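Chemist: Just the structure for this:
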Amino acid sequence: MPLPYGDLRAEPRRRVPAVLAPLLAIVAVLATTQPAHACDCPEPAPPEQAAEDAAAVFAGEVVATTTRGDDPAVEDLIADVEVDDVWRGTVHERVEVSTPADQGLCGTDLEDGVSYLLYVRQDGDGGFVTDLCMRTTPLDQAQADLDALGEPDAPLAGDATDDASGGTEATADGEGVGWLVVATGAIAVTGLALLARWWWHRRSPA
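Modeler: Below you'll find the model as predicted:
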C-alpha cells in the first residue's frame with residue numbers, strides 16, 4: 001500500500017531538512033526569549049534579624065527618582081527620600097537610596113510619591129543601597145515589620161548620611177533560568193538523534 005505522503009525513502013536528503021527546520025526554529029525562539037539575569041535571593045530574615053543585618057532601617061517618602069550609570073543594562077535607580085522615622089543607623093532627613101534599575105539584577109521598585117519602610121546596606125562610597133533581597137516594602141504593607149521594630153527615632157537634621165555599616169549583598173544569578181536553556185538544548189539534541197536514526201533507516205534497503 002502506498003504511503004499517504006509518498007515514499008519517504010525516495011528523497012531522504014530533501015525530507016530531513018524540511019522536518020528539521022521547524023524544530024530548530026522552535027529551539028531558537030526558546031533560547032532567545034529567556035532573560036539574561038534572574039535575581040536569586042535567600043528566604044528573607046524576620047524583621048528583627050533583617051534590621052540587625054542592615055546598615056540602616058528607616059521610613060520615608062520618595063520625592064524624586066532618576067537613573068545613573070554609563071551602561072543602560074546596569075543602571076541604578078536613585079531615589080531621593082524624605083525620612084520620617086529611623087529604627088537603625090545614622091540617617092538624616094534627606095537621603096539618597098539606590099537600587100539596580102533592572103529587577104533581574106535584584107532591583108526593587110521605588111516610586112515617586114510612595115512611602116517605604118527601607119532596609120539598606122552601605123556601598124563602598126558610603127551611599128545607601130537596597131534591593132529585592134532586603135525587606136524594603138511600601139509602608140502601607142509593612143505593619144508586621146513596624147510592630148516588630150518598635151518605637152522609631154527622629155532623623156538627624158540635614159541631607160547627609162554618615163557612619164552606617166553592615167548589610168548583606170544581593171546577587172544576580174542566571175541559574176534561575178539556566179535549567180530551561182539546558183532542557184531546550186536536550187530536546188534539540190534528542191530530536192536531531194531521532195531524525196538521524198530515521199534518515200539512516202530510510203536509506204537502508206528494505
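
Chemist: Ala144 against Pro47, yeah?
Modeler: Yes - with contact defined as CB atoms under 8 Å, Ala144 reaches Pro47; the gap is 7.0 Å. Placement of C-beta: from N, CA and C, glycine included.

Chemist: What is the neighbour count of Ala73?
Modeler: Number of residues near Ala73 (other CB atoms under 10 Å) recorded here: 11.

Chemist: I meant to write Gly126 there.
Modeler: 13.

Chemist: repeat for Trp87
Modeler: Neighbours around Trp87, by other CB under 10 Å: 22.

Chemist: ok, Asp70 to Leu110 distance?
Modeler: 21 Å (CB to CB, to the nearest Å).

Chemist: So between those two, which is more surrounded?
Modeler: Just comparing Asp70 and Leu110: by other CB under 10 Å the higher neighbour count belongs to Leu110, 21 against 6.

Chemist: How about the more buried one: what's its closest non-neighbour residue?
Modeler: Using CB to CB, 6 or more residues apart in numbering and skipping residues adjacent in sequence, the residue nearest Leu110 is Ala79, 4.1 Å away.

Chemist: Surely the one you found is in contact with Thr99?
Modeler: Yes - with contact defined as CB under 8 Å, Ala79 counts as touching Thr99 (7.4 Å).

Chemist: Any idea what the nearest residue to Ala142 once chain neighbours are set aside is bridged to?
Modeler: Excluding the flanking residues, the one nearest Ala142 by CB to CB, 6+ apart is Leu117, at 4.1 Å. Applying DSSP bridges to Leu117 yields these beta-bridge partners: Ala59, Thr137.
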